[in-house]
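S.K.: here you go, sequence then predicted model.
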Amino acid sequence: MAKDPVRVLVTGAAGQIGYALVPMIARGAMLGPDQPVILHMLDIQPAAQALKGVKMELVDAAFPLLRGIVATTDVVEACKGVNIAIMVGGFPRNEGMERKDVMSKNVSIYKAQASALEKHAAPNCKVLVVANPANTNALILKEFAPSIPEKNITCLTRLDHNRALGQISERIHVHVGDVKNVIIWGNHSSTQYPDVNHATVSTGTTHKPVRELVGDDNWLKTEFITTVQQRGAAIIQARKLSSALSAASSACDHIRDWVLGTPKGTWVSMGVYSDGSYGIQPGLIYSFPVTCEKGDWSIVQGLKIDEFSRGKMDATAKELMEEKSLAYSCLK
Ligand SMILES: NC(=O)c1ccc[n+]([C@@H]2O[C@H](COP(=O)([O-])OP(=O)(O)OC[C@H]3O[C@@H](n4cnc5c(N)ncnc54)[C@H](O)[C@@H]3O)[C@@H](O)[C@H]2O)c1
Ligand SMILES: O=C(O)C[C@H](O)C(=O)O
């Protein structure tokens, strides 16, 4: 029997990531090749013409899975009945702006959009925040949409996870699809901790530890970590625009695995509400290793954490606590 369409909201849909993301959703890269979708696209008034253009292109591309398009600058209309919300819209950091100024603009946007989602989205709507500061925007959204279950509000660190897989694959010349179980701990920022202590490469019938195959602990502890931490900045420097293609593709990976499940024996990284696992203070949206089944994620438990990792995991948690108090001071 044909499936009912799923309503997917993309905010900031006229922007860089939005433009890369909506065709991927319409082609089935997010929810599968047999899942029809209705796209809800929100942007702000100054981008209304560009948004209209994106809608025209979606029609022109004649995607068989695309069963409807809502393109609007009205947040209530955008949120009505949505099952999945990808929050990409936000205020970019312009030259000369302080971190606090960007935070202040974005937390106000996420506070307002939280209320719209809470009132108008479908029950059990799953939310993915992409816009920066992603973890803290997601936390504000959670706080101001108390009736959305906290398990439904997440932020994107899958791009960082995929970047870590890519770096390992390039370093030891293996297919990226054979590398798995890296972990991104913490904030989607330069304090994130990409951890390969449990990562493996499949070599036919066995799985070998990444650390053993790389054979260079110094590289893993220094250049590998900083390359992943700084990759967003490196892309901006190269493109003069943020990483839209890989962010859009990773957003599809995040939702696909959350909804359809992670493969057996594989985990992925997601920014989720901390329950105190691994000694991370509850009340933060922190990136953990998770597995997903039947539409729910669970934090992978029982991984051994060495002293080096502990320090890095705590440092990124500390930054998130500071961001949280800054965000609250902006809302006063
Ligand atoms: N988490 C990640 O891995 C990751 C990766 C790359 C980029 N990002 C972040 O994603 C965000 C979007 O990046 P981009 O390159 O697409 O930026 P962009 O500036 O090209 O697009 C942002 C869009 O958001 C719209 N917008 C602004 N305020 C809005 C509001 N209140 N409601 C709806 N839309 C609104 C803008 O008009 C614009 O069209 C940025 O915050 C960027 O830093 C996150
Ligand atoms: O937009 C940015 O500042 C960078 C982005 O978060 C990225 O990781 O590519």
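M.R.: On my side now, so go ahead. Ligands and ions are numbered 1, 2, ... in the order given.

S.K.: in the stretch 1-150 of the chain, which residue sits nearest ligand 1?
M.R.: Gly15 (2.0 Å; C-beta to the nearest ligand atom). Where C-beta positions appear, they are placed from N, C-alpha and C, glycine not excepted.

S.K.: what's the burial count for that residue?
M.R.: 24 (other C-beta atoms under 10 Å).

S.K.: pLDDT score assigned to the residue lying closest to it once chain neighbours are set aside?
M.R.: In this structure, Gly15 finds its nearest non-sequential neighbour in Val88, 6.5 Å apart by C-beta to C-beta, 6 or more residues apart in numbering. Listed pLDDT for Val88 reads 98.

S.K.: how much space separates His173 from Lys332?
M.R.: Applying C-beta to C-beta, to the nearest Å, the value for His173 to Lys332 is 53 Å.

S.K.: on that earlier part again, residue contacts, the residue of the stretch 1-150 of the chain closest to ligand 1?
M.R.: Asp43, Ala47, Val88, Gly89 (C-beta atoms under 8 Å, 6 or more residues apart in numbering).

S.K.: one more time with 10 Å
M.R.: 21, 43, 47, 50-51, 54, 88-90, 92, 131, 241-242, 244 (C-beta atoms under 10 Å, 6 or more residues apart in numbering).

S.K.: what segments of the stretch 51-200 of the chain are strands?
M.R.: Residue ranges of the strands in the stretch 51-200 of the chain, as given by DSSP state E, counting those that start in this stretch, are 66-72, 84-87, 126-129, 153-155, 179-180, 183-185, 193-195, 200-203.

S.K.: got the end-to-end distance for stretch 178-195?
M.R.: 17 Å (C-alpha to C-alpha, to the nearest Å).

S.K.: around ligand 1, pick out the residues from the stretch 201-332 of the chain.
M.R.: Gly232, Ser242, Ser243, Ala244, Ala247 (C-beta under 6 Å from any ligand atom).

S.K.: with adjacent residues omitted, what lies nearest to the second one?
M.R.: Leaving aside its chain neighbours, Ser242 sits nearest to Ile236 (5.6 Å; criterion: C-beta to C-beta, 6+ apart).

S.K.: same question for the first one.
M.R.: For Gly232, the nearest residue in space outside its immediate sequence neighbours is Ser243; the separation is 6.0 Å by C-beta to C-beta, 6+ apart.

S.K.: please state the backbone phi and psi of Val37?
M.R.: phi -130, psi 150 (degrees, to the nearest 10).

S.K.: ligand 1 contacts on the stretch 1-150 of the chain?
M.R.: So far as C-beta under 6 Å from any ligand atom goes, the stretch 1-150 of the chain lies against ligand 1 at 11-12, 14-18, 42-44, 47, 88-92, 109, 130-132, 134.

S.K.: and the gap between the closest residue to ligand 2 within the chain and Asp306?
M.R.: Scanning the chain for proximity to ligand 2 using C-beta to the nearest ligand atom identifies Gly232 as nearest, at 2.5 Å. Applying C-beta to C-beta, the value for Gly232 to Asp306 is 27 Å.

S.K.: and the two? which has more neighbours close in?
M.R.: Remark: of Gly232 and Asp306, Gly232 carries more neighbours, 20 against 9, as counted by other C-beta under 10 Å.

S.K.: that one and Leu326, how far apart?
M.R.: From Gly232 across to Leu326, the span is 20 Å (C-beta to C-beta).

S.K.: neighbours around Leu117, how many?
M.R.: Applying other C-beta under 10 Å, we find 28 residues neighbouring Leu117.

S.K.: so it touches Leu128, yeah?
M.R.: No: using C-beta atoms under 10 Å, Leu117 makes no contact with Leu128, being 11.9 Å away.

S.K.: that's all I had, so thanks and see you.
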